[in-house]
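Visitor: Any chance you could fold what I've pasted below:
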Amino acid sequence: MGSKIYVGGLPYSATEQQLSDLFAAHGAVASARIITDKFTGQSRGFGFVEMSSDAEAQAAITALNGSEMGGRTLTVNEARPQEPRTGGGGRGGFGGGGGRSGGGGKRDRW
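Guide: Residues are numbered from 1 along each chain as shown. The predicted structure follows:
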């Protein structure tokens, strides 16, 4: 078990200080980070907390998973490494491009 914890279901108004304070009751908080939208700067409703030991992290997960903050139910569990994103898959569908029958728009006479 790592000491990095995923925290989901955060109120959008929550601050990193509030997040840190919430977890401090269960041990020393090394860092607390709320993930924000890179364009708007608004909270995305989740974040990560790093505790100074695995035992403290486990205690925080046990105590806080399913608890409430700002009227929202928190999901608290061990952070997992982000899975690599695929390139969005193929661009299925029809071949696209090109006009009608390659004749430069001229109609052949019969």
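Visitor: As a check, name the ranges of all strands in this structure.
Guide: Using DSSP state E, the strands of the chain run over 4-8, 29-36, 43-51, 68-69, 72-73, 75-78.
Visitor: so who does Ala28 touch?
Guide: Ala28 makes contact with Met51, Ser52, Ser53, Glu56, according to C-beta atoms under 8 Å, 6 or more residues apart in numbering. (Each C-beta comes from the backbone N, C-alpha and C, glycine too.)
Visitor: switch the cut-off to 10 Å
Guide: The contact partners of Ala28, by C-beta atoms under 10 Å, 6 or more residues apart in numbering, come to Ser3, Glu50, Met51, Ser52, Ser53, Glu56.
Visitor: quick revisit: and the strands of the chain: which comes nearest Leu22?
Guide: strand 68-69 (6.7 Å; C-beta to C-beta).
Visitor: Within the sheet, what are the partner strands of the closest one, with directions?
Guide: Applying DSSP bridges to the sheet, strand 68-69 is found paired with strand 72-73 (antiparallel).
Visitor: which residues are contacting the strand it pairs with?
Guide: With C-beta under 10 Å, 6+ apart, strand 72-73 has contacts from Gly8, Gly9, Leu10, Pro11, Tyr12, Ala14, Gly45, Asn65, Gly66, Ser67.
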